[in-house]
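Peer 1: output the structure for:
(one chain, ligands or ions: 1)
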Amino acid sequence: MEVVIQANTDAATELVARIVAREVQTNPRPVLGLATGRTMESVYARMVQMHRKEGLDFSACRTFNLDEYVGLPGNDGHAYRHYMNHHLVRQVNIALRNTHLPDGTAANLEAECERYEGLIDQAGGITLQLLGIGHSGHIGFNEPLSAFRSRTRVVALAPTTIRQNAPIFGRADKVPRSAITMGVGTILDGRRCVLLATGEDKAEIIARAVEGPLTSMISASALQLHPDCTVVLDEAAAGRLKKSDYYRWIYTSEPKWDWFRKLPPVVIGSGRNTSSLEDCRLEPAP
Ligand code: GLP
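Peer 2: Prediction:
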């Protein structure tokens, strides 16, 4: 695992968007594992901006989302299918048929979970998996006690998660009680994982996931087992890490990050972004 601490939320978002852009540019058959949540909204906004202003081409991409609420049809304003269509799919050149989420309204949910795993396999596996983290320590909706080898399945949402997502639904009792999620094992099968966390409210759970013991009580701690996992944080989310100076030292002395450090600073949403994606090709992909 490598931990990259950026000065602020915009810089952390920018780095994650650039990592995805690089994958889209350099891999002829990118298979993106995508996440939802408020943290990811600005990553997708940045990807859309790169598509519009810098010609980032998504036409060869296939995408698989981590999870979907049980019982919500795709056109429900709270469904993750709706979220993805709104924030990314409709705004870039990716065919809807190449974007996948579990179907939370399937008559046979177990069969749907198997079908979803099969689709990921047929695509050749996920090449880059984006992740957020919930207050319960979940990745996807892998709530506490999720087995590290778990596969796509139906899970009951933890009370912490229901509380965290209540503002989006207006009231806690409107939040669905269950969801389909890729398993921890499914996520760990991705070739590369990138987790983004921003804000002080994530500091405690990030410290436990990154520096704490491996435990199924915090699914994100399983990422310590992944051979190519990058955790990108802003200063606020890094606030409880004990070894942050060491992670900063690794990042600044690691030649593989030269491509990013050489990019001119980007101000997100200002329309002043003049850096070209060509800059990402300065160094061969790590
Ligand atoms: C939901 C998703 C998770 C995501 C989390 C973070 O629970 N199922 O995959 O990591 O939201 O949400 P936010 O970015 O809003 O904190």
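
Peer 1: count the residues that sit near I120.
Peer 2: Using other Cβ atoms under 10 Å, I120 has 21 neighbouring residues. Where C-beta positions appear, they are placed from N, C-alpha and C, glycine not excepted.

Peer 1: K53 now?
Peer 2: 13.

Peer 1: name the SS class of it, please.
Peer 2: Three-state assignment for K53 (DSSP: H, G, I helix; E, B strand; the rest coil): helix.

Peer 1: against the ligand, how distant is it?
Peer 2: 25 Å (Cβ to the nearest ligand atom, to the nearest Å).

Peer 1: which pLDDT value belongs to that residue?
Peer 2: Looking at K53, its pLDDT reads 94.

Peer 1: ok, now G271?
Peer 2: 43.

Peer 1: then E204?
Peer 2: pLDDT at E204 comes out at 98.

Peer 1: mind jotting down where the strands sit in the stretch 1-150 of the chain?
Peer 2: Remark: strands assigned in the stretch 1-150 of the chain by DSSP state E, counting those that start in this stretch are 2-6, 31-34, 62-65, 67-69, 99-100, 128-131.

Peer 1: sorry, wrong one. I was asking about the stretch 151-286 of the chain.
Peer 2: 153-156, 178-181, 193-197, 229-234.

Peer 1: can I get these in a markdown table with mean pLDDT?
Peer 2: Below are these laid out as a markdown table (pLDDT from 0 to 100):
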| stretch | mean pLDDT |
| --- | --- |
| strand 153-156 | 98 |
| strand 178-181 | 98 |
| strand 193-197 | 98 |
| strand 229-234 | 98 |
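
Peer 1: pLDDT on stretch 11-29, on average?
Peer 2: Stretch 11-29 carries an average pLDDT of 97.

Peer 1: again, but for stretch 37-45
Peer 2: pLDDT averaged over stretch 37-45 gives 97.

Peer 1: which parts of this structure are helices?
Peer 2: Assigned by DSSP state H, the helices in the chain fall at 9-26, 38-54, 80-87, 109-122, 159-169, 184-188, 203-211, 244-253, 258-261.

Peer 1: any idea which of those is most buried?
Peer 2: Mean neighbour count (mean count of other Cβ atoms under 10 Å) peaks for helix 184-188 among the helices of the chain, with a mean of 23.

Peer 1: is the ligand contacted by that helix?
Peer 2: No: counting by Cβ under 6 Å from any ligand atom, no contacts exist between helix 184-188 and the ligand, the nearest distance being 10.0 Å.

Peer 1: can you list contacts of that helix?
Peer 2: Outside helix 184-188, the residues that touch it by Cβ atoms under 8 Å, 6 or more residues apart in numbering are 33, 66, 117, 120, 129, 131, 139-140, 142, 146-152, 193, 219, 222-223, 225-226.

Peer 1: mind redoing it with 7 Å?
Peer 2: 117, 129, 139-140, 142, 146-152, 193, 219, 222, 225-226 (Cβ atoms under 7 Å, 6 or more residues apart in numbering).

Peer 1: before we move on, what about stretch 24-41?
Peer 2: Outside stretch 24-41, the residues that reach it (Cβ under 7 Å, 6+ apart) are 20, 23, 56, 58, 60-66, 80, 83-84, 87, 123-132, 190, 196-198, 277, 280, 285.

Peer 1: now, which of the residues you listed lie close to the ligand?
Peer 2: Near the ligand, by the rule Cβ under 6 Å from any ligand atom, you find 66, 132 out of the contacts of stretch 24-41.

Peer 1: how many neighbours does the residue nearest to R248 when sequence neighbours are not counted have?
Peer 2: Nearest residue to R248, sequence neighbours excluded (Cβ to Cβ, 6 or more residues apart in numbering): I5, at 5.9 Å. When neighbours are counted by other Cβ under 10 Å, I5 registers 20.

Peer 1: same list, the strands of the stretch 151-286 of the chain, but as a markdown table with mean neighbour count please.
Peer 2: Shown next, in a markdown table, are the strands of the stretch 151-286 of the chain (neighbours: other Cβ atoms under 10 Å):
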| stretch | mean neighbour count |
| --- | --- |
| strand 153-156 | 18 |
| strand 178-181 | 24 |
| strand 193-197 | 25 |
| strand 229-234 | 24 |
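
Peer 1: what is the neighbour count of R177?
Peer 2: For R177, the count of nearby residues is 12 (other Cβ under 10 Å).

Peer 1: show me the contacts for it.
Peer 2: R177 touches 156-157, counting by Cβ under 7 Å, 6+ apart.

Peer 1: tell me the spacing between it and T161.
Peer 2: 10 Å (Cβ to Cβ, to the nearest Å).
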